[in-house]
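>>> based on what follows, work out the 3D shape:
(chains A and B)
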There are 2 protein chains.
Amino acid sequence: MSALKNDRYIRAALRQSVDCTPVWMMRQAGRYLPEYRALRAQAGDFMALATNPELACEVTLQPLRRFELDAAILFSDILTIPDAMGLGLHFVAGEGPAFSKPVRSEADVRALFVPQPEDKLRYVTDAVSTIRRELNGSVPLIGFSGSPWTLATYMVEGGATKNFSLIKGMMYQSPHLLHQMLDVLADSVIVYLNAQIEAGAQAVMVFDTWGGVLTPRDYRDFSLRYMEKIVAGVKREHDGQRIPLTLFTKNGGDWLDQMAATGCDALGVDWTTDLGQARDKVAGKVALQGNMDPSVLYGSPERIREEVAVILESYGAGPGHIFNLGHGIHQTVDPEHAKAFVDAVHELSRPYHGTNS
Amino acid sequence: MSALKNDRYIRAALRQSVDCTPVWMMRQAGRYLPEYRALRAQAGDFMALATNPELACEVTLQPLRRFELDAAILFSDILTIPDAMGLGLHFVAGEGPAFSKPVRSEADVRALFVPQPEDKLRYVTDAVSTIRRELNGSVPLIGFSGSPWTLATYMVEGGATKNFSLIKGMMYQSPHLLHQMLDVLADSVIVYLNAQIEAGAQAVMVFDTWGGVLTPRDYRDFSLRYMEKIVAGVKREHDGQRIPLTLFTKNGGDWLDQMAATGCDALGVDWTTDLGQARDKVAGKVALQGNMDPSVLYGSPERIREEVAVILESYGAGPGHIFNLGHGIHQTVDPEHAKAFVDAVHELSRPYHGTNS
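Numbering: from 1, shown residues only, chains lettered A, B, ... in the order given. I've put the predicted structure just below:
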């Protein structure tokens, strides 16, 4: 494998010095780009894109042609694992993902198994190796998975939810059943991320979209504990290279110290937490990724630069910061504003790394 | 006005000693009660209930007949103010509240005005005085309003939202316009809460449902600042009695110290924050209300008692705690479980107040 031409993302995730702060955007391959909408219209729907390695590769690369991004992220869905378990993932217009066979009973939980990536998830590892080849060492490729708690949430609720009544009902009524499910999911995530790494992913990220709806105690027991297992089980070196692992719990700002203690390399931070305070909290144990509110991209390029400057100042000097949005880019954002964001990060961050601007 | 037979709620909100921890439940008058569903079916819809003082009174009293609650809360909606501004509040099945005339332009903002309670909000103050009369001094009546930021969110989005794109777009593109709107709303909330107090509300609460979706800086500028204005403008004494004022920002656990500095009497805390840490954070400045995850009520009565015990221990000994859920009770909860919750709080809290159990 060729050496990376731009390794800022990897270096920052490992808290090594960089010339300027690396930046990428969650959901950077997505509907705010007209070229994405065109390809998706051709393909038919989201899963048709995601399950076709050539199309997934093309979509992954689209934002890199427009913006000076420091990383690519595999175009896929966080719910591929439960889909491979046979739960029937589909997308309901205006409502998001849904499962035709949600997990509700003890028998449903007992029927769960660890999907072998070479079988039902081959389209993912094929996409990874295709993208890796096409990137040709320009920037690193990030692989990812949903967290066990987040996957379980969708699997039990069967789709979008406001109150998390079903999954929390299971949590408070039958905690052992939920633990059994989370354990199978943690094993599945480990096997899945390792397969992505073997196929060429140079970094991995675990998205815990719904950990933040739990009490501090339940977060530790039902989400963090299983991410800990993943951190312990995922390959951290491949082909002679360190593979940085990032954990991201949305609305998990209060728990960053506990997340850092898992032994991961980096943590995602959303915009509800001050990045300087987050840095104090993790006390140099991990790198931090974040944390601009994606809605700032509705502001003018000047307003975007102002917010980038505030966040850079909040993090302060030295390595260990990967700039990102605190959540996925919104569909209605002007791509020119995304460009202003990416450029502002590179330009304004140089002084924080002792580099002349 | 007669003296209160049960003044635990008022005393706890003012951090005075009590025999046991007072308890009430957000949305305690609601769809989980069959008698509520029956009355609502008769009335036709939610607004038909809320705008009829006799029916609003009946619905307010229903949970008090079942459970040993220490406070009643006015049955109403948080969006009465924008409705009185002419925005056309209605409810879309399965989606929640919506406005037929959302606020989108500068002209829309300029057309906003402070609704006079004696005019379009008379149904609210009539409900307050009716409920107060029917309560006959048994427990205090809490009046309430949405916070300016939360009201603005619904007014601009026009209904439920996931990304808050429109209101945040306004915030980042035209902050002055949004400030103008929030200022009219703060004035409206002051006049509205004072009218509720004059009609008989013995405590008031401001619900900032959506403050937690903001960055720390935007929270201070666009939500907290206007709640501060409300704290300064609302009557804190009426008829010789102190009127406790509670602020509640959902997902605002990080900002409790700043909220306490507004001069309010109590703060609502949701379940994502440890109550003991919250108490440390506010350093004796205010009382705390909370903070059980409403989903715990899906657990068995034993599980509910266990969680009540954990929260009581987390708060610790001494006054200043009003037990509540961290958000409204879910519609699918068994009323017997709500009873187990209320009884557990009274029973298990006595040792924390130096009272024999």
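>>> quick one, what contacts the closest residue to A:Gly253 other than its chain neighbours?
Using Cβ to Cβ, 6 or more residues apart in numbering or on different chains and skipping residues adjacent in sequence, the residue nearest A:Gly253 is A:Thr273, 3.2 Å away. Using the backbone N, CA and C atoms, a C-beta is placed for each residue, glycine as well. The contact partners of A:Thr273, by Cβ atoms under 8 Å, 6 or more residues apart in numbering or on different chains, come to A:253, A:256, A:291, B:216, B:254.
>>> around chain B, pick out the residues from chain A.
A:163-165, A:168-169, A:171-173, A:212-218, A:251, A:253-254, A:271-274, A:293-296, A:298-300, A:303, A:310, A:330, A:332 (Cβ under 8 Å from any Cβ of the partner chain).
>>> what segments of the stretch 201-350 of chain A are helices?
With helices called from DSSP state H, counting those that start in this stretch, the stretch 201-350 of chain A shows them at A:216-218, A:225-233, A:256-260, A:275-282, A:301-315, A:335-349.
>>> with respect to B:Val345, which of these lies nearest?
Closest to B:Val345 of these, according to Cβ to Cβ: helix A:216-218, at 18.5 Å.
>>> neighbouring contacts of the closest one?
Outside helix A:216-218, the residues that touch it by Cβ under 8 Å, 6+ apart are A:171, A:254-255, B:272-274, B:293, B:310.
>>> tell me the one of those nearest A:Ala261?
A:Trp255 (10.0 Å).
>>> and for that closest one, the neighbour number?
22 (other Cβ atoms under 10 Å in any protein chain shown).
>>> any figure for the gap between the nearest residue to A:Ser76 once chain neighbours are set aside and chain B?
Closest residue to A:Ser76 apart from its sequence neighbours, by Cβ to Cβ, 6+ apart: A:Ala50 at 5.3 Å. Per Cβ to the nearest Cβ, to the nearest Å, A:Ala50 is found 21 Å from chain B.
>>> sorry, back to before: apply the buried test to the residues of chain A next to chain B and list what passes.
Among the residues of chain A next to chain B, those buried by neighbour count (16 or more other Cβ atoms under 10 Å in any protein chain shown) are A:163-165, A:168-169, A:171-172, A:212-216, A:218, A:251, A:253-254, A:271-274, A:293-296, A:298-299, A:303, A:330.
>>> of all pairs in the contacts of A:Thr273, which one is the farthest apart?
Most distant of the contacts of A:Thr273, by Cβ to Cβ, are A:Leu256 and B:Pro216, 14.5 Å apart.
>>> now for the one helix or strand A:Asp119 maps to, which elements pack on it?
A:Asp119 belongs to helix A:117-120 when assigned by DSSP states H and E. Under the contact criterion of 3 or more Cβ pairs under 8 Å, 6 or more residues apart in numbering or on different chains; DSSP states H and E, helix A:117-120 touches helix A:122-135, helix A:175-199.
>>> 6 Å instead?
Contacting helix A:117-120 under the criterion 3 or more Cβ pairs under 6 Å, 6 or more residues apart in numbering or on different chains; DSSP states H and E is no other helix or strand.
>>> show me what it is in contact with.
Around helix A:117-120, the neighbours that count as contacts under Cβ atoms under 6 Å, 6 or more residues apart in numbering or on different chains are A:84, A:125, A:192, A:195.
>>> rebuild the residues you listed as TSV, extending it with neighbour count and pLDDT.
Output for the contacts of helix A:117-120, formatted as TSV (neighbours: other Cβ atoms under 10 Å in any protein chain shown; pLDDT from 0 to 100):
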residue	neighbour count	pLDDT
A:Ala84	22	97
A:Thr125	22	98
A:Tyr192	28	98
A:Ala195	19	98
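>>> closest to B:Leu348 among these?
Nearest member of the contacts of helix A:117-120 to B:Leu348, counting by Cβ to Cβ, is A:Tyr192, at 44.3 Å.
>>> now the closest one: how far from B:Met181?
A:Tyr192 sits 47 Å away from B:Met181, going by Cβ to Cβ, to the nearest Å.
>>> residue of the stretch 1-150 of chain A closest to chain B, please.
A:Gly96 (8.9 Å; Cβ to the nearest Cβ).
>>> tell me, how many residues neighbour the nearest residue to that residue once chain neighbours are set aside?
Sequence neighbours aside, A:Ala160 is the residue nearest to A:Gly96 in space, at 4.9 Å (criterion: Cβ to Cβ, 6+ apart). Residue crowding around A:Ala160 was assessed by other Cβ under 10 Å; the count is 13.
>>> where in the stretch 1-150 of chain A is pLDDT low?
For the stretch 1-150 of chain A, applying pLDDT under 70 flags the ranges A:1-2.
>>> strands of that one, start to end?
A:72-73, A:89-92, A:96-99, A:141-146 (DSSP state E, counting those that start in this stretch).
>>> list the residues that contact the residue nearest to A:Ser76.
So A:Ala50 contacts A:56, A:76-77 (Cβ under 6 Å, 6+ apart).
>>> one more time with 8 Å
By Cβ under 8 Å, 6+ apart, the contact list for A:Ala50 reads A:56, A:75-77, A:80, A:123, A:127.
>>> cool, A:Leu312 as well?
Contacts of A:Leu312 (Cβ under 8 Å, 6+ apart): A:21, A:321, A:323, A:345, A:348-349, A:352.
>>> let's see it at 6 Å
A:348-349, A:352.
>>> out of the residues you listed, who's the most crowded?
Result: A:Ser349 is most packed of the contacts of A:Leu312 (other Cβ under 10 Å), 24 neighbours.
>>> pretty sure that one is touching A:Pro22, no?
No: A:Ser349 lies out of contact with A:Pro22 (Cβ atoms under 6 Å); the separation is 8.9 Å.
>>> any buried residues in stretch A:152-161, and which?
A:152-158, A:161.
>>> quick revisit: need the helices of the stretch 201-350 of chain A in JSON lines (columns: mean pLDDT and distance to B:Arg104).
Formatted as JSON lines, those follow (pLDDT from 0 to 100; distance: least, Cβ to Cβ, whole Å):
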{"stretch": "helix A:216-218", "mean pLDDT": "97", "distance to B:Arg104": "39"}
{"stretch": "helix A:225-233", "mean pLDDT": "98", "distance to B:Arg104": "41"}
{"stretch": "helix A:256-260", "mean pLDDT": "98", "distance to B:Arg104": "37"}
{"stretch": "helix A:275-282", "mean pLDDT": "98", "distance to B:Arg104": "32"}
{"stretch": "helix A:301-315", "mean pLDDT": "98", "distance to B:Arg104": "19"}
{"stretch": "helix A:335-349", "mean pLDDT": "98", "distance to B:Arg104": "20"}
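>>> most packed of those?
Comparing the helices of the stretch 201-350 of chain A by mean neighbour count (mean count of other Cβ atoms under 10 Å in any protein chain shown), helix A:256-260 ranks first with a mean of 21.
>>> and it, what does it pack onto?
Using 3+ Cβ pairs under 6 Å, 6+ apart: helix A:256-260 touches helix A:275-282.
>>> contacts for the helix it packs on next, please.
The contact list for helix A:275-282, computed with Cβ under 6 Å, 6+ apart, reads A:256-257, A:260, A:269, A:288, A:291, A:311, A:314-315.
>>> which pair in those spans the largest distance?
A:Asp257 and A:Ile311 (20.5 Å).
>>> ok, the residue of the stretch 1-150 of chain A closest to chain B touching A:Gly158?
No: A:Gly96 lies out of contact with A:Gly158 (Cβ under 6 Å); the separation is 11.5 Å.
>>> A:Ala340 reaches A:Ile304, doesn't it?
Yes: A:Ala340 lies in contact with A:Ile304 (Cβ under 6 Å); the separation is 5.1 Å.
>>> what about the buried ones among the residues of chain A next to chain B, which are in strands?
When DSSP state E is applied, these are split such that none fall in strands.
>>> all set, thanks.
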